[in-house]
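*Asks:* Sequence isn't available, so here's the structure alone:
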């Protein structure tokens, strides 16, 4: 994993167990943590709990072996942002690195711009270009203002990245799981509609693509049996990042709600 991460030009630090890893985290304050779950001295779930006490906004991805599905789900309940099945493959790790690095870069770039006007409702269209997703997501979350604390903002960002990427790649462009979407002009001209509204108690995004939809119920049924399977994993992760996640019957529209963070 270290070699894979470094091959993409990122600085890395490694630790042989959770206790050493926690000390390294305190010194380095990284953007992303990749951790095994079963480790000596301090296991990954304990490490995750300690990290969340120190930083609600660092991205944490856990790795676990086949047959340990309950650990992956427990990690998500403890506010991990994603999980990987061991042995971790390049084809699974590299897309996550790219996705999260883009999100971090978008945040840094957005902080240099003037303050964004807080809005209570709006509708916006997004091109079918996944490269535009991180900037859009950071803007969407920033419009929520102080409705969400740092932990809530990270949840919303990670969840919206998954939902918007899915709407573009699998909805508008017609790609299947693990398959690159076809380069079709008619499909690529489709848009993703994002309707936002807020109340005193929640923020809500309604994301609608122009595709034919999908059988989301069967995805959820398969994930309940095999959460370590890669198919539909982004959907499962999104459920942990929002308080409510609801698809329309055809599956081409999803409503994601995040409750206001407690004061």
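*Replies:* Happy to help now that I have it. On a predicted model such as this, the values are computed, not experimentally measured, just so you know.
*Asks:* mind listing the strands for this structure?
*Replies:* The residue ranges that make up the strands of the chain, judged by DSSP state E, are 32-36, 59-65, 82-86, 121-127, 191-198, 202-208, 244-247, 253-259.
*Asks:* Residue 152 against residue 258, yeah?
*Replies:* Yes: counting by CB atoms under 8 Å, residue 258 is a contact partner of residue 152 at 6.0 Å. Every residue, glycine included, has its C-beta placed from N, CA and C.
*Asks:* Now do the same contact list for residue 56.
*Replies:* Counting by CB atoms under 8 Å, 6 or more residues apart in numbering, residue 56 makes contact with 79, 149, 150, 151, 154.
*Asks:* Residue 72: which of those residues is nearest?
*Replies:* residue 79 (13.4 Å; CB to CB).
*Asks:* Spit out the contact partners of that closest one.
*Replies:* Contacts here follow CB under 8 Å, 6+ apart; on that basis residue 79 touches 48, 52, 56, 60, 151.
*Asks:* Let me see the domain layout of this protein.
*Replies:* Taking automatic domain parsing as the domain assignment, the ranges for the chain are 2-88, 114-259.
*Asks:* Compare the mean pLDDT across those domains and name the weakest.
*Replies:* Among the domains of the chain, domain 114-259 carries the lowest mean pLDDT, at a mean of 85.
*Asks:* For residue 85, state which of the contacts of residue 56 is nearest.
*Replies:* residue 79 (19.7 Å).
*Asks:* For the protein, which residue occupies the most central location?
*Replies:* By CA atoms, centre = their mean, the mean C-alpha position of the chain lies nearest to residue 158, the distance being 2.8 Å.
*Asks:* circling back to that earlier point, top of the contacts of residue 79 by neighbour count?
*Replies:* The residue in the contacts of residue 79 with the most neighbours, by other CB atoms under 10 Å, is residue 60 (24 neighbours).
*Asks:* which stretches of the stretch 51-200 of the chain form helices?
*Replies:* Taking DSSP state H, counting those that start in this stretch as the criterion, the stretch 51-200 of the chain contains helices spanning 69-77, 90-110, 133-142, 150-166, 185-188.
*Asks:* Pipe these into a markdown table and attach distance to residue 239 per row.
*Replies:* A markdown table is the format used below for these (distance: least, CB to CB, whole Å):
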| stretch | distance to residue 239 |
| --- | --- |
| helix 69-77 | 9 |
| helix 90-110 | 18 |
| helix 133-142 | 17 |
| helix 150-166 | 9 |
| helix 185-188 | 27 |
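*Asks:* ok, the residue sitting furthest away from the middle of the chain to residue 14 distance?
*Replies:* When distances to the mean C-alpha position of the chain are computed (CA atoms, centre = their mean), the maximum falls on residue 41, with 29.0 Å. Distance of residue 41 to residue 14, computed by CB to CB, to the nearest Å: 15 Å.
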